[in-house]
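>>> Pasting the sequence and the predicted model now:
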Amino acid sequence: MAEAYDRPQPSRRLIGAGLFAAMLLAGCQTIVPRGAPDRAPAPKPPEDRPVPPPVRGGLPQDEARHRVALLVPMTGTNAAVGRSIADAATLALLDSGAATVRITTYDTATGADAAAQKALADGNQLFLGPLLADDVRAVSAVARAARVPVIAFSNDATAAGNGTYLMGFSPAQSIERVVDYARSKGMTRFAGLVPAGAYGRTASATLIRAAEAAGGSVVAMQSYDRSPASLKAAIERFGRDQGYDAVLIADGGRIALQAVPLLKRTASPAAKILGTELWATDNAIRAGVALNGAWYASVPNAMYRQLGKRYQARYGRAPYRLASLGYDAVLLTVRIAGDWRMGAPFPERALTDKGGFGGVDGAFRFGRDGIAQRALEVNQVATGAPVVVSVAPNGFE
């Protein structure tokens with residue numbers, strides 16, 4: 001268990017780049033008040049000394065700050081991601097300078113429900129995290145009984161609701177945004193190439209819904225099991241007579257790089273290639289020129305790059321992309337802490353502010369379903385780095 005501490009700053013809804021100004025840390029100095037004796041007073045006789053209070057378990061009392069638990073994996077296979085999120089949360093406290101929030105980190109790798117129970121015993125009134133969907137469910141069950149809200153980092157929509165809010169990047173929203181952009185460019189007939197499994201089912205359902213909402217239609221949909229033979233067979237089943245304008249490849253860069261040459265040869269050579277939020281963190285899409293010109297939607301990256309530089313300077317290593325979730329979760333907490341009465345439960349209603357919040361990943365707000373609705377940008381794959389072709393909105397109407 002580790003703790004991070006903070007300093008004062010006025011709250012505001014949308015956090016700008018000014019949070020990234022470097023902070024000067026003053027050295028410590030012992031100050032002796034005037035008139036103080038040169039020598040320490042003689043100790044009282046043993047019988048006159050006050051009896052110390054009994055030692056109790058848990059954290060020491062802190063009546064000046066709200067207790068907030070950060071639940072992430074700090075050991076095990078996901079420890080590096082968890083540490084990156086925790087370090088970014090510390091940076092957020094330093095950058096925001098809030099004086100009324102105290103963050104304590106709990107390791108979910110040794111048992112998410114046990115970590116949640118410990119966090120409750122320590123008096124935490126808000127949970128940030130955990131990361132994995134199964135851990136979110138375990139923590140939510142514990143937190144719900146204590147009426148403690150959970151702001152988790154998963155993107156599994158089935159884990160949201162009943163006091164649990166998800167900050168993870170939604171694949172459905174990414175697909176909706178890129179389809180809407182493609183429709184604005186005159187594309188009306190869409191095809192989908194999706195992997196077998198839960199992600200593929202979500203992607204295919206979202207593509208159909210998004211195309212119809214934008215005034216288009218899905219004319220072909222094929223799934224595969226991520227083997228080269230299965231991928232090739234799925235693309236061949238498209239045929240050449242579908243006449244679609246765009247093909248969504250709902251998978252990572254490695255699969256997309258295999259699929260595009262096959263699509264160009266055996267399906268529709270002129271179709272625009274669309275991707276999902278998976279491409280935002282996948283350097284494979286820059287391998288060669290096969291995906292150049294393809295579009296995908298993601299959270300804005302400009303402010304994240306600033307955070308990455310500050311993180312690198314402080315910790316000597318690059319952050320994981322998901323570190324921004326820890327940073328923005330703390331900014332959200334600090335924003336609401338201005339209206340959070342000391343000693344009272346966390347004001348959960350503030351999380352559903354229609355105007356939303358902001359951070360390094362841009363504007364977001366929680367819907368009634370507990371899922372973060374995000375303002376996304378559309379990027380075009382290009383050699384070297386993606387190019388933004390449609391900027392993310394600054395907020396919500």
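Here it is on my side, so go on.
>>> burial measure for Leu257, as a count.
By other C-beta atoms under 10 Å, the residues close to Leu257 number 17. Glycine gets a C-beta too; all of them are placed from N, C-alpha and C.
>>> quick one: the helices in the chain?
Assigned helices in the chain, in chain order: 79-96, 112-121, 133-145, 171-184, 198-213, 228-238, 253-266, 302-315, 323-337 (criterion: DSSP state H).
>>> Could you tell me the end-to-end distance of stretch 117-129?
End-to-end span of stretch 117-129 (C-alpha to C-alpha, to the nearest Å): 14 Å.
>>> In that stretch, which residues are buried?
Applying a neighbour-count criterion of 16 or more other C-beta atoms under 10 Å, one finds Gln117, Lys118, Ala119, Leu120, Asp122, Asn124, Gln125, Leu126, Phe127, Leu128, Gly129 buried in stretch 117-129.
>>> so which of the residues you listed comes closest to Ile85?
Gly129 (7.3 Å; C-beta to C-beta).
>>> mind listing what Pro73 touches?
For Pro73, the contacting residues are Ala79, Val81, Gly82, Asp107, Thr108, Ala109, Pro130, Leu131, Leu132, by C-beta atoms under 8 Å, 6 or more residues apart in numbering.
>>> run the last query once more with 7 Å
For Pro73, the contacting residues are Ala79, Val81, Gly82, Asp107, Thr108, Ala109, Leu131, taking C-beta atoms under 7 Å, 6 or more residues apart in numbering as the criterion.
>>> May I see these organised as CSV, with pLDDT and distance to Ser217 added?
Formatted as CSV, the contacts of Pro73 follow (pLDDT from 0 to 100; distance: C-beta to C-beta, whole Å):
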residue, pLDDT, distance to Ser217
Ala79, 98, 46
Val81, 97, 39
Gly82, 98, 43
Asp107, 98, 48
Thr108, 98, 43
Ala109, 97, 46
Leu131, 97, 37
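>>> What is the neighbour count of Ser245?
Just so we're on the same page, residue 245 is Asp rather than Ser. Using other C-beta under 10 Å: Asp245 sits among 19 other residues.
>>> Give me the phi and psi angles of it.
Dihedral pair for Asp245: phi -90, psi -30, per degrees, to the nearest 10.
>>> Pretty sure it sits against Thr188.
Yes: using C-beta atoms under 7 Å, Asp245 is in contact with Thr188, at 6.3 Å.
>>> check contacts around the closest residue to Ala141 other than its chain neighbours.
With C-beta to C-beta, 6 or more residues apart in numbering as the measure, Asp113 is the residue that lies nearest to Ala141, at 7.2 Å, once sequence neighbours are left out. For Asp113, the contacting residues are Ala138, Val139, Val142, taking C-beta under 7 Å, 6+ apart as the criterion.
>>> For PyMOL, what selects the buried ones among the residues you listed?
Buried subset of the contacts of Asp113, written as a PyMOL selection, criterion 16+ other C-beta under 10 Å:
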select buried, resi 138+139+142
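>>> Just give me the closest of the contacts of Asp113 to Ala385.
Nearest member of the contacts of Asp113 to Ala385, counting by C-beta to C-beta, is Val139, at 36.9 Å.
>>> Which pair of the contacts of Pro73 spans the longest distance?
Val81 and Asp107 (12.7 Å).
>>> Redo the contacts of Pro73 as JSON lines? Include neighbour count and distance to Gly197.
Shown next, in JSON lines, are the contacts of Pro73 (neighbours: other C-beta atoms under 10 Å; distance: C-beta to C-beta, whole Å):
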{"residue": "Ala79", "neighbour count": "14", "distance to Gly197": "26"}
{"residue": "Val81", "neighbour count": "20", "distance to Gly197": "22"}
{"residue": "Gly82", "neighbour count": "29", "distance to Gly197": "25"}
{"residue": "Asp107", "neighbour count": "21", "distance to Gly197": "29"}
{"residue": "Thr108", "neighbour count": "29", "distance to Gly197": "24"}
{"residue": "Ala109", "neighbour count": "19", "distance to Gly197": "25"}
{"residue": "Leu131", "neighbour count": "23", "distance to Gly197": "20"}
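>>> For those, could you give me CSV that also reports distance to Glu236?
Compiled in CSV, the contacts of Pro73 are given as follows (distance: C-beta to C-beta, whole Å):
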residue, distance to Glu236
Ala79, 43
Val81, 38
Gly82, 42
Asp107, 48
Thr108, 44
Ala109, 44
Leu131, 38
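>>> Considering the residues you listed, which is situated nearest to Gly253?
Once C-beta to C-beta is applied, the member of the contacts of Pro73 that ends up nearest Gly253 is Val81, at 19.1 Å.
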